[in-house]
Structure formats: C-alpha cells, structure tokens
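K.L.:
Turn this into a model:
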Amino acid sequence: MPGYETLFVRQSVPGPSEVAFYSVEWSKSANAVVRALQISGQQLWTTQLSSSVSPLSLHSVIPAVGEMTLNHQRINNLHDLFPNDPRFPTGSPPGISSLSLPIDGKSILVHDSGDNFGGLLLLERGRFRDSLVDLNPADGSESWRYRSEGRLNTNWTVNYHGDIGVVELLGVSPYGSLIVIDGHSGTVRFRIPFPDSSTTINGFRCKDPVYNVLKSTNQATFGSVFTSQDGNMYIQVGKHVELSDNHNCKPTQFLLDDTLSLLRVTPEGAFSWRVFQHVHADGDGGFHVQPRAFAGESIPDGFGGVLAAWTWVDPHKQPSDPLNVHIEARLTRLSDSGQRDFTLPMPFWTKGISSFFAENMVLAEGNQLYAINGPQLIRFDTQSGNVDWLRHPPTGEVKLLHSVAGGGVLVANAGRLVYFDAQGNGVPFPWTVAVPNPEDIGLVQTDLFDHSPAEPLALREAEGCWVVGNFIAVEDGAPHGHASLVYFAVQ
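P.N.:
Numbers count the residues shown, from 1 in each chain. All right, here's what the predicted structure looks like:
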C-alpha cells in the first residue's frame, strides 16, 4: 500500500481459512495495516488497526509495578521520603513518558502471534493499559478484545483448546497473575495470582519500629509461559522477601527468603506450585547479602517434564568474575520423580542478567537441548548432564531458529543461516551471505539472464513455512532494503 512498509509477517495456523500469511505493515503517519494473503501471494482482505506500529514499538518493555509506603502512606518520590534533605526537592513522580508509551487515547502494537483457529492475536499497548485483540481470519474484523486494567506481557501461550495464557500486571496487590483467556470469547476463564515480593525496614528513621516502617512491595519475577504435551501451562515465578529490624539506629536482626517456583495450570483451571530453588537466611545484627535466583525460560523436556532455565546471582564473587557478582546460567529438569540441577558453561543466560528471555532454548531429536545466550551455542544432554559441545562464533551473536531432522539445529549468525549437526559441525547455507546490517540475513541474488552475482537482499527475518523448503521473509527497510514481503523456495 502507498505510504506503508512491511514490518513483519506471521504464518497462520493451518485450518479451514484460506489465509496462509498475515503481513503487518506500518506507516509514519497512520495506524498499522494487516493484509491476509494466500500461499500464492494473492490478497484476501486488508484491515486497518486501532494502533500504530514501528520497528521501535516492537521493543516496548512492560513497566514494572509496585509501591513504597512509609507508615502505610504511599511514597511518590524521594522528597516524600526525605522531606528535609535539600538534595531531593519537591517534584512530581517520574514521568512514564520515558517508557516510550503513546499519548493518552492512542496505542502501539508491541507483539503478535497466531491463534489456534487461523486468526491473528495482537497486543496493543496504551498509555495506561493494554488490550489483546483477536482478528477473524475470514475478514480481519475483531473476533474479540480483552481490555486489561493494567499490562500484559509480550510472551504468551495458546493451548490445544485455543485458550491464551499470559501474565497480567495490575496497579494493586497482588500485582502479577497468570490469566487464561477464552480463545473463543476473549473473557478471562482463570486468574492465578502471583505472590508479591517485598522489602521492609522497621525503624527506618531510628524511632519506634512499630510506628516507623518503610516497605516496598512489588511484582514477583516471572519467566516465559508454555503449554506442554500434557495440555498444562507452566511458568516460573520468583518471590523475594527482605526484612530488617533497627533499634536506636542500629540493626538488630534480618531475614531474607528467596524462592523460585514452577506454576502448573491445567486446562480446567486447577493449579499447583512447586518450589525448586530456595535461599533463606536470618540472624542477629545487620543484613547480609545472599545469592538470588531469577526466573527464566521454560520448555518441555521431551519426557513429560519441564526444563527450567534460570539465573543464579551470588554476591560473593570469584577472582575470575568480570563483575562485582558471580553469575551462573542454571538449568533445572523437573519431573514427577524429582529434579536435577545443572550449571551450564555460559556466564549468563541474558546480558541483562535478570532480564526476561524466552527464545534461548530448543529441543532436538532425542530430546537433546540446544541453548544460547547470544554469543554462545551449546548442545546439552539433559539425561546424562553432559555438555556435548560448545561453539562461540567469532562473527557475532547466535539466534536460534529451530531444530532439524537428524538431531541438528538451524541458527542465524552474522547475516547467514548456519546448520549445526549433532556433532557440532557448522555449515553455512550457500544461499545466505553477510550484509551490512549484522541483524539481517543476506539472501544471495543472481541476474536472471546471465546468472552473474547481484546485490543480496537484506532480510529482517526469514521463517521456514509449513511447506518444507519454503521460506517467508521480510526485506529490511531503508537504507538496507525496500521493506518488501519475500517468499522463496530452496532446492
């Protein structure tokens, strides 16, 4: 369409609909447009969304929620906490505009996926609250819209019944919950609240601790949610509690309790919690910092259990640690018979240490695990606990795409698609080539007549189709390309 560029493309779930792909297109001056296409590329329909979209909006981060109180009175800024300190003048609370949120009354598109009925799920982020929208594959109209009173995470799962499991954050306690939305109507079927985390200081201003309590309460940490072969949804949730007592300006006792749990929710809404990591410390005197566990990605282990990736942060650093803390990429295999904990040979799961990640693991044939942290790729045997091999390409970061027949894996690295076999031998696909933007994938081009080399296409993404050997891709925008939709076959 004139004035629009293709931003990303999504395959539809096979079904009675003729829609094969959804092309989401953006404009600098208008709301986003979705085009439904057949496998031949013929357009079935087009619809304009109520939200705008851009390459930047897809990186929108969900704002954290919580509150701080002093003697049960809400603290809005540092002046409320230290009213007589000239370093903290009277002022309004920090503006949320720094979070790149739209103006009131507008919304931006931040995430999408296929639903289980051939339609398209879209997450629209407003100034103060989010909406999840399901587009009808027949004509692009809204099948339903769930209007949250808060925020929805950009990671969700769709189970076999078409229901959607997603984390919702609200401005009141309990701040976080896993909600299960009916895939047919858009109504909430189940809500499982997460426990809040908190830090409490009794005697904050050296007075009677009963009447002088500073408390910070915030959301629990959480990882990615997925639906396993048994139809249940699983997600990691972390709760952190700190407590310090002070009398006459001197610390008298402390407590720390840090738990990492796996939440399981059945299709009928029954749920259970399983604590698989627990750090506890208490004693007299001042507070002593302790290790912490941060929730991460979870996937099926292939044997009816769960593989839970999480990050271990220990303040007691070792001489070889480049930071002031010791960080480990941990993995726990959970099953009905128990659990096994592993430490992987990677310094972290994500460079943000405790930041959210959901695309760092994939299972291959034989239920062997491939895992990345950006610069490294490993193959790990979850039964023996052995690392089969580790690769650290000098050409840049690795992105996992999918496992392939024979126990190998397909990754993207430095503009090329690379196949690694089970033995760790990497073979770049000859039809891909490095391009100026290292985030892109270069598609080799030749002249139609004399077959001489031509300028490669810089693809923002390339995804294997349901038809084996066929790919759907989006060409990068200016200055690297024309933001076109590309469908190609590999022979």
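
K.L.:
Show me which parts of the lowest-mean-pLDDT helix or strand in the chain are buried, residue by residue.
P.N.:
When the helices and strands of the chain are scored by mean pLDDT, DSSP states H and E, helix 78-81 comes last with a mean of 78. Using 16 or more other Cβ atoms under 10 Å as the test for burial, helix 78-81 gives residue 79. From N, CA and C alone the C-beta is placed, and that goes for glycine too.

K.L.:
Pull the distance from it to the chain's centre.
P.N.:
Chain-centre distance of helix 78-81: 34 Å, with Cα atoms, centre = their mean, to the nearest Å.

K.L.:
Mind giving me the packing neighbours of it?
P.N.:
strand 66-70 (3 or more Cβ pairs under 8 Å, 6 or more residues apart in numbering; DSSP states H and E).

K.L.:
So for the strand it packs on, mean pLDDT?
P.N.:
In this model, strand 66-70 has an average pLDDT of 92.

K.L.:
Now do the buried residues in that strand.
P.N.:
66, 68, 70.

K.L.:
Was I right to think the last one contacts residue 202?
P.N.:
Which is residue 70. No: applying Cβ atoms under 8 Å, one finds residue 70 not in contact with residue 202, separated by 11.8 Å.

K.L.:
what touches both of these two?
P.N.:
Listed as contacting both residue 70 and residue 202 by Cβ atoms under 8 Å, 6 or more residues apart in numbering are 212-213.

K.L.:
so which of the buried residues of strand 66-70 comes closest to residue 401?
P.N.:
Among the buried residues of strand 66-70, residue 66 lies closest to residue 401 (Cβ to Cβ), at 36.5 Å.

K.L.:
For that closest one, which non-adjacent residue is spatially closest?
P.N.:
Nearest residue to residue 66, sequence neighbours excluded (Cβ to Cβ, 6 or more residues apart in numbering): residue 218, at 2.8 Å.

K.L.:
beta partners for the one you found?
P.N.:
residue 66, residue 197 (DSSP bridges).

K.L.:
Could you do residue 126 as well?
P.N.:
According to DSSP bridges, beta-bridge pairing links residue 126 with residue 107.

K.L.:
can you pull the pLDDT of it?
P.N.:
95.

K.L.:
I figured it hits residue 102, correct?
P.N.:
Yes: at 6.6 Å, residue 126 counts as touching residue 102 under the criterion of Cβ under 8 Å.

K.L.:
Between the buried residues of strand 66-70, which sits nearest residue 422?
P.N.:
residue 66 (45.6 Å).

K.L.:
which ones are touching that closest one?
P.N.:
175, 196, 216-219.

K.L.:
Recalculate using a threshold of 10 Å.
P.N.:
169, 171, 173, 175-176, 196-198, 216-219 (Cβ atoms under 10 Å, 6 or more residues apart in numbering).

K.L.:
Can you tell me how far it is from residue 197?
P.N.:
Applying Cβ to Cβ, to the nearest Å, the value for residue 66 to residue 197 is 8 Å.

K.L.:
same question, residue 242
P.N.:
The gap separating residue 242 from residue 197 is 9 Å, by Cβ to Cβ.

K.L.:
joint contacts of the two?
P.N.:
216, 257-258.

K.L.:
Pretty sure the residue nearest to residue 66 sits against residue 240.
P.N.:
Yes: contact status for residue 218 versus residue 240: in contact at 9.0 Å, counting by Cβ atoms under 10 Å.

K.L.:
Mutual contacts of the two, please.
P.N.:
Joint contacts of residue 218 and residue 240 (Cβ under 10 Å, 6+ apart) are 196-199.

K.L.:
Just the buried ones from those?
P.N.:
196-199.

K.L.:
Need these in CSV (columns: distance to residue 439 and pLDDT).
P.N.:
Formatted as CSV, these follow (distance: Cβ to Cβ, whole Å; pLDDT from 0 to 100):
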residue, distance to residue 439, pLDDT
196, 37, 98
197, 34, 97
198, 39, 97
199, 38, 96
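
K.L.:
okay, and the common contacts of residue 126 and residue 102?
P.N.:
51, 108.

K.L.:
Show the low-confidence segments of the stretch 251-400 of the chain, by residue range.
P.N.:
321-323 (pLDDT under 70).

K.L.:
In it, mark out all the strands, start to finish.
P.N.:
Counting by DSSP state E, counting those that start in this stretch, the segments of the stretch 251-400 of the chain that form strands are 271-284, 292-300, 306-314, 326-335, 338-344, 361-363, 369-372, 377-381, 386-391, 398-404.

K.L.:
Direction included, what does the helix or strand following the last one pair up with?
P.N.:
Read it as strand 398-404. Where DSSP states H and E defines the elements, the next helix or strand beyond strand 398-404 is strand 408-413. Strand 408-413 has the following sheet partners, assigned by DSSP bridges: strand 398-404 (antiparallel), strand 416-420 (antiparallel).

K.L.:
nearest residue to residue 291 other than its sequence neighbours?
P.N.:
Distance criterion Cβ to Cβ, 6+ apart; nearest residue to residue 291, sequence neighbours excluded, is residue 314 at 4.3 Å.

K.L.:
which residues does that neighbour contact?
P.N.:
279, 289-292, 321, 325-328.

K.L.:
Now with 8 Å, please.
P.N.:
If you count contacts by Cβ under 8 Å, 6+ apart, then residue 314 has 291, 325-328 around it.

K.L.:
Equivalent analysis for residue 136, please.
P.N.:
119, 142-143.

K.L.:
The same query, at a cut-off of 7 Å, please.
P.N.:
Counting by Cβ atoms under 7 Å, 6 or more residues apart in numbering, residue 136 touches 119, 143.

K.L.:
Phi first, then psi, for it.
P.N.:
Backbone geometry at residue 136, expressed as degrees, to the nearest 10, gives phi -70, psi 130.

K.L.:
And it, how far from residue 12?
P.N.:
12 Å.

K.L.:
picking that back up, tally of neighbours for the residue nearest to residue 66?
P.N.:
Number of residues near residue 218 (other Cβ atoms under 10 Å) recorded here: 18.

K.L.:
Look up how far residue 173 lies from it.
P.N.:
Per Cβ to Cβ, residue 218 is found 10 Å from residue 173.
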